[in-house]
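Trainee: After the sequence you'll find the predicted model.
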Amino acid sequence: KLPFAENYRIKMVEPIYRSTREERENWIRQADYNLFNLRSNQVYIDLLTDSGTGAMSDRQWAAVMTGDESYAGSSSFFNLKDRVKQLFGFDYLLPVHQGRAAENVLFSVLVKEGNVVPGNSHFDTTKGHIEFRKAQAIDCTIDEAFDTTVYHPFKGNIDLNKLQLVLESYPKEQIPMIIVTVTCNSSGGQPVSMNNLRQVKQLADTYGIPVVFDSARFAENAWFIQQREEGYADKSIKEIVAEMYSYADGMTMSSKKDGIVNIGGLLAMRSKEWFDQASVYNIMYEGFLTYGGMSGRDMNALAVGLDEATEADYLEARISQVHYLGNQLIEAGIPVQQPLGGHAVFVEARRFLPAVPREEYVAQTLAVELYLEAGVRGVEVGTLLADRDPVTHENRYPSTEYLRLAIPRRTYTNNHIDVVAAGLINLYERRDQITHGFTIEHEAPIMRHFTVGLKKI
Ligand code: F0G
């Protein structure tokens, strides 16, 4: 058997600058030890996010050239609408400027004060849009997801007993929907099995509650089903996607991930009633129905991106690269969420840096150390992100503190990945010397991680 390589070759490149440790020490000090404050040219390899950072194909760029910028009735809208119907089976589409905008429009219709929305570890913006409406997001993820040392092939799964308890405990009118995030970003890019999706839909139907998929990384989820779930090895990714969405009533999507475009999102659904109501908010918040928050050229590129992202060869190259990084770390004994997820490697910071006190922001300490060591930018998914308790104003300490290394699609080579791995392994070898982290100098009342300023201890 021959080794597997990328299903593309490169015909345009963007130079990146390697920098010295001394330069990085200055830059990160000037940035108040907040990686969001760095300029991109101060970063050598940028693993802050896989959102909007991928490389478009020549087919996508060709589609950009034929974008139709008509205000109403754009042919690009119909290209996208046809693709959405073909892949997901939904008749109604509203384009929006990104994922959180889809949440804003849909939840304006569905979510009311006092409601509860069960799901599998809702993403921050999803939770934010629920809580902003004085409703509550209830996490029903399986317990295995929170123990990085336990193997489970589908750590994004919903615990059906937890879900049933929620559905029994509240009147139907108070539960506008169940949200299933595929793959589940918050628990480490972990997939949800087809069987779980089917059972969630069955349970939801008995209680008359609709199911919505948060679909940012739907194609990666389908790939894991093909690889790991019995009965799917011989099905195509597109067939698997079609079955997945037969268990949903609607979807929100940030197309900056598996849509492989730099900006954009969508909302799609089966119900004309939802569509009519959501249309009003789409026009108010985003734009007219046939462009929403997107230009014609971007809708065209997205229609092509969705087709490319649902090809098995693309997904194998993409996820192999994520696992290429993860496996190097695992071999070096570095604690990471296992099994490895689809879009990122989640390094468990408290087990990596046991000497750093929890109050000194362990995952942020590791993120800054990796930047200094190798010019690599990851992101803290830990105490800074978890924010303070709204009532007591005490720090909320999450059960796991992660440094997330998210890999952009079709952007870096495995040589870049080798640098990332070597940087982390160097740190791991001298982890005993890293004993202190940071205190907060200033912070915003919510979403503090974006703008927080830190001081070294
Ligand atoms: N849902 C999931 C699962 C996400 O991961 C994201 C974004 C969103 C919704 C919101 O989409 O950014 O287009 O408004 N995740 C990015 C990340 C920001 O880095 O994981 P958006």
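Mentor: The structure has been received and is ready for your questions. Numbering: from 1, shown residues only.
Trainee: Relative to the ligand, how far out is the closest residue in space to Glu394 that isn't next to it in sequence?
Mentor: Excluding the flanking residues, the one nearest Glu394 by C-beta to C-beta, 6 or more residues apart in numbering is Arg388, at 6.3 Å. Quick note: C-beta positions are derived from backbone N, CA and C, even for glycine. Using C-beta to the nearest ligand atom, to the nearest Å, we find Arg388 at a distance of 21 Å from the ligand.
Trainee: Now the phi/psi pair for Arg388, please.
Mentor: Backbone geometry at Arg388, expressed as degrees, to the nearest 10, gives phi -100, psi 160.
Trainee: excluding its backbone neighbours, what's nearest whichever residue of the stretch 251-400 of the chain sits closest to the ligand?
Mentor: Across the stretch 251-400 of the chain, the shortest distance to the ligand (C-beta to the nearest ligand atom) belongs to Ser254, at 3.1 Å. Leaving aside its sequence neighbours, Ser254 sits nearest to Gly99 (C-beta to C-beta, 6+ apart; 2.6 Å).
Trainee: circling back: what is the burial count for the residue nearest to Glu394?
Mentor: 15 (other C-beta atoms under 10 Å).
Trainee: which bits of this structure sit near the ligand?
Mentor: Counting by C-beta under 6 Å from any ligand atom, the positions of the chain adjacent to the ligand are 49, 51, 98-100, 123, 125-126, 181, 185, 214, 216, 254, 256, 265.
Trainee: Could you double-check that the residue nearest to Ser254 lies in contact with Lys256?
Mentor: Yes. Using C-beta atoms under 8 Å, Gly99 is in contact with Lys256, at 7.2 Å.
Trainee: just the helices in the stretch 51-200 of the chain please.
Mentor: 58-65, 75-88, 99-110, 124-131, 160-169, 194-207 (DSSP state H, counting those that start in this stretch).
Trainee: so what pLDDT did the residue of the chain found nearest the ligand get?
Mentor: The chain approaches the ligand most closely through Gly99 (2.4 Å), counting by C-beta to the nearest ligand atom. We have a pLDDT of 98 for Gly99.
Trainee: okay, now it: neighbour count?
Mentor: Residues near Gly99, counting by other C-beta under 10 Å, number 26.
Trainee: hmm, who's touching stretch 427-444?
Mentor: With contact meaning C-beta atoms under 8 Å, 6 or more residues apart in numbering, stretch 427-444 is reached by 32-33, 332-334, 352-357, 360-362, 364-366, 368-370, 373, 450-457.
Trainee: Excluding chain neighbours, give the residue nearest to the most centrally placed residue in the chain in space.
Mentor: The chain has Asn185 as the residue nearest its centroid, 4.5 Å off, counting by C-alpha atoms, centre = their mean. Of all residues beyond its chain neighbours, the one nearest Asn185 is Phe123 (5.3 Å), with distances taken as C-beta to C-beta, 6+ apart.
Trainee: Counting neighbours, what do you get for Gly333?
Mentor: 8.
Trainee: so the residue nearest to the centre of the chain touches His122, yeah?
Mentor: No. Using C-beta under 8 Å, Asn185 is not in contact with His122, being 9.5 Å away.
Trainee: Now list whatever residues contact both of the two.
Mentor: Joint contacts of Asn185 and His122 (C-beta under 8 Å, 6+ apart) do not exist.
Trainee: pLDDT at the closest residue to Lys85 other than its chain neighbours, what is it?
Mentor: Once flanking residues are discounted, Lys85 sits nearest to Asp91: 6.5 Å by C-beta to C-beta, 6+ apart. We note a pLDDT of 98 for Asp91 in this prediction.
Trainee: residues touching Asp91, list them.
Mentor: 85, 270, 272.
Trainee: Could you identify which of these has the most neighbours?
Mentor: When these are compared by neighbour count (other C-beta under 10 Å), Arg270 ends up highest, at 17 neighbours.
Trainee: roughly how far out does whichever helix or strand Leu424 is part of sit from the chain middle?
Mentor: Per DSSP states H and E, Leu424 falls inside helix 414-429. In terms of C-alpha atoms, centre = their mean, to the nearest Å, the centre of helix 414-429 is found 23 Å from the chain centre.
Trainee: and among the helices of the stretch 51-200 of the chain, the most buried is which?
Mentor: helix 99-110 (a mean of 24; mean count of other C-beta atoms under 10 Å).
Trainee: what residues does it touch?
Mentor: 94, 96, 125-126, 128-130, 133, 176-177, 212, 214, 216, 250, 252-256, 265-267, 274, 277-278, 281-282, 285-286, 292-293.
Trainee: Narrow these to those that are buried.
Mentor: 94, 96, 125-126, 128-130, 133, 176-177, 212, 214, 216, 250, 252-256, 265-267, 274, 277-278, 281-282, 286, 292-293 (16 or more other C-beta atoms under 10 Å).
Trainee: and Pro95, what are its bridge partners?
Mentor: Leu266 (DSSP bridges).
Trainee: how about the nearest residue to Ile425, chain neighbours excluded?
Mentor: Using C-beta to C-beta, 6+ apart, the nearest residue to Ile425 is Ala332, at 4.7 Å.
Trainee: same deal with Gly305?
Mentor: Ile260 (3.7 Å).
Trainee: which SS class is the one you found?
Mentor: coil (DSSP: H, G, I helix; E, B strand; the rest coil).
Trainee: Tell me how many other residues crowd it.
Mentor: With other C-beta under 10 Å as criterion, Ile260 counts 27.
Trainee: Phi and psi next, for it.
Mentor: Dihedral angles (degrees, to the nearest 10) for Ile260: phi 50, psi 40.
Trainee: Any idea how many residues pack against Phe4?
Mentor: 10.
Trainee: Please tell me how far the residue lying closest to it once chain neighbours are set aside sits from Val166.
Mentor: Spatial nearest neighbour of Phe4, excluding adjacent residues (C-beta to C-beta, 6+ apart): Glu316 at 6.2 Å. Separation of Glu316 from Val166 (C-beta to C-beta, to the nearest Å) stands at 37 Å.
Trainee: now Ser121
Mentor: From Ser121 to Val166 the distance is 14 Å (C-beta to C-beta).
Trainee: Kindly report the same for Ile45.
Mentor: Ile45 is 41 Å from Val166, by C-beta to C-beta.
Trainee: Equivalent analysis for His97, please.
Mentor: 31 Å.
Trainee: Check this structure for its longest helix and report it.
Mentor: Looking across the chain with DSSP state H, the single longest helix is helix 312-331.
Trainee: I'd like the next helix or strand past that helix.
Mentor: Next along the chain from helix 312-331, counting by DSSP H and E, comes strand 344-348.
Trainee: That following strand to helix 312-331, inter-axis angle?
Mentor: For strand 344-348 against helix 312-331, the angle by axes from the mean of the first three to the mean of the last three C-alpha atoms, to 10 degrees is 20 degrees.
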